[in-house]
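Chemist: coords please:
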Amino acid sequence: MNKIAALVLVGGEGKRLKGLTINKAKPYVSFFGKYRLIDFTLSSLSFSHINDVSLITQYQPHELIKYVGNGSAWDLNADSNGIAFLTPHSASDGSIVLQKGTANAILSELDYIKNLDVDYILILSGDQVYKEDFKAVLDSHIKNKASLTILSYDLEDKKELSRFGILEIAKNGRITGFEEKPLNPKSSHISMGIYLFNKDTLLKYITLADKLTDFGRDLVPYIISQNERVFAYKHNSIFFDLGTVDGLYNSNMYFLDNHDKIKNSHEKKIYSKPMNYPPHLIKSTAIVKNSIIADGALIKGSVTHSVISFDVYVGLNTKIKDSVILPGCKIEDNSTIINAIIDEDMLIPSGTSLVFSNPTLVDRFNFKDGLFNE
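Modeler: Below is the predicted model of the structure:
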């Protein structure tokens, strides 16, 4: 059996998510009522039977480490001692080694990678929403005699193409060009930022990551230029890269309107860590339409086309529409919330009106003393 290990990058700040990531790593951001973003990556690894998993951390890792634990919630501790956390460490001169980019983050763990007893290294992000059978990716990689396989996705929204690395792919699936975030994309094939390397190929090139610090911008284009066998594997299911507040809002709304796309199949279940809240309670005064109501929620008001996360309180005569309420929020009586994301553990006082024409994040930094100041 071919041996494969996964290295999950979870150290980015996620600055474009604003207040949502001030005190937490981006993979720990709440999603669709009951999940954290990291759940999708770990679940895909689980149903792909990849149990050798390491998380490379840096920014605000504490809540994420506590949440993931040994990986038992995703059945990733079955054949090992559980998930390994690779945290920033000291250099020989005593300074802390900080990651300068995605490739440089892998370079910082070079000694650890050298000691992995595997043939293949899967490098992926912990903050994307998708389902993927990585065993099928490995089969394709071996069939193509590839040095590197990159997961690709055909993006329909042409306005979003410049946010991604763009792939040029020949008819046989070989990647002939890679351009990171171009202003004028040459194709609609985007890189998902998921890379399957032969271990020896990774070790050959990762030492360059002191200068070629980012996979998409630097190292992968260089590897392609060296005439290595680099192939694309086309991802045909859901994929969201949640880099912005708008992206987080729109993806929640998408799954609200297309619930079958996130519904668990027997083979591809999305797991999350049990929170052990009681079932939600919808009182006789409540009106709930086309909404997700997670465990522990208590609803007394009106909720329409919205996501109500676990342990949320919605007061009497309160109206919530087209919104995402993150865990632990208390929204008191006679309030109105439309087109908003309410950050975790927020208290929205009685009589508050948060009505927006475009999706807007409300957090502890822009909402104080009952007043919103963008």
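
Chemist: name the nearest residue to residue 82, sequence neighbours excluded.
Modeler: residue 70 (3.0 Å; Cβ to Cβ, 6 or more residues apart in numbering). Quick note: C-beta positions are derived from backbone N, CA and C, even for glycine.

Chemist: got the contact list for that neighbour?
Modeler: By Cβ atoms under 8 Å, 6 or more residues apart in numbering, the residues touching residue 70 are 76-77, 81-83.

Chemist: mind running it again at 7 Å?
Modeler: For residue 70, the contacting residues are 77, 82-83, taking Cβ atoms under 7 Å, 6 or more residues apart in numbering as the criterion.

Chemist: where along the stretch 51-200 of the chain do the helices fall?
Modeler: 62-68, 102-107, 110-114, 134-143, 199-205 (DSSP state H, counting those that start in this stretch).

Chemist: I'd assumed residue 355 was in contact with residue 338.
Modeler: Yes. With contact defined as Cβ atoms under 7 Å, residue 338 and residue 355 form a contacting pair (4.6 Å).

Chemist: more neighbours: which of those two?
Modeler: Neighbours were tallied for residue 338 and for residue 355 using other Cβ atoms under 10 Å; the higher tally belongs to residue 338 (17 against 12).

Chemist: which non-adjacent residue is nearest residue 357?
Modeler: The shortest distance from residue 357 to any residue that is not its chain neighbour, by Cβ to Cβ, 6+ apart, is 6.8 Å, and that residue is residue 339.

Chemist: that older thread, a markdown table for the helices of the stretch 51-200 of the chain, including distance to residue 284, mean neighbour count and mean pLDDT?
Modeler: Formatted as a markdown table, the entries for these read as follows, by distance: least, Cβ to Cβ, whole Å; neighbours: other Cβ atoms under 10 Å; pLDDT from 0 to 100:
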| stretch | distance to residue 284 | mean neighbour count | mean pLDDT |
| --- | --- | --- | --- |
| helix 62-68 | 35 | 17 | 94 |
| helix 102-107 | 52 | 24 | 94 |
| helix 110-114 | 57 | 13 | 96 |
| helix 134-143 | 48 | 17 | 98 |
| helix 199-205 | 60 | 17 | 98 |
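
Chemist: circling back to that earlier point, report the separation between the residue nearest to residue 357 and residue 368.
Modeler: 20 Å (Cβ to Cβ, to the nearest Å).

Chemist: ditto for residue 65
Modeler: Plainly put, residue 65 is 30 Å away from residue 368 if you go by Cβ to Cβ.

Chemist: and what of residue 281?
Modeler: Counting by Cβ to Cβ - residue 281 and residue 368 are separated by 30 Å.

Chemist: among these two, which residue is more densely surrounded?
Modeler: Looking at residue 281 and residue 368 with other Cβ under 10 Å, you find the greater number of neighbours at residue 281, namely 12 against 9.

Chemist: for the residue most central in space within the chain, what are its contacts?
Modeler: Most central residue of the chain, judged by C-alpha distance to the mean C-alpha position with Cα atoms, centre = their mean, is residue 127 at 1.6 Å. Taking Cβ under 7 Å, 6+ apart as the definition of contact, the neighbours of residue 127 are 14, 26-27, 37, 242.

Chemist: show me what counts as buried in the longest helix anywhere in the chain.
Modeler: Criterion DSSP state H: the longest helix present in the chain is helix 245-257. In terms of neighbour count (16 or more other Cβ atoms under 10 Å), helix 245-257 has its buried residues at 245, 247-249, 251-256.

Chemist: residues in contact with that helix: which ones?
Modeler: Around helix 245-257, the neighbours that count as contacts under Cβ under 7 Å, 6+ apart are 17-18, 32, 129, 240, 242, 261-262, 290, 292, 305, 307, 324, 341, 359, 361.

Chemist: residue 215: which of these is nearest?
Modeler: Of all these, the one sitting nearest residue 215 is residue 242; the distance, using Cβ to Cβ, is 18.8 Å.

Chemist: so what's that closest one up against?
Modeler: 37, 127, 129, 248, 251.
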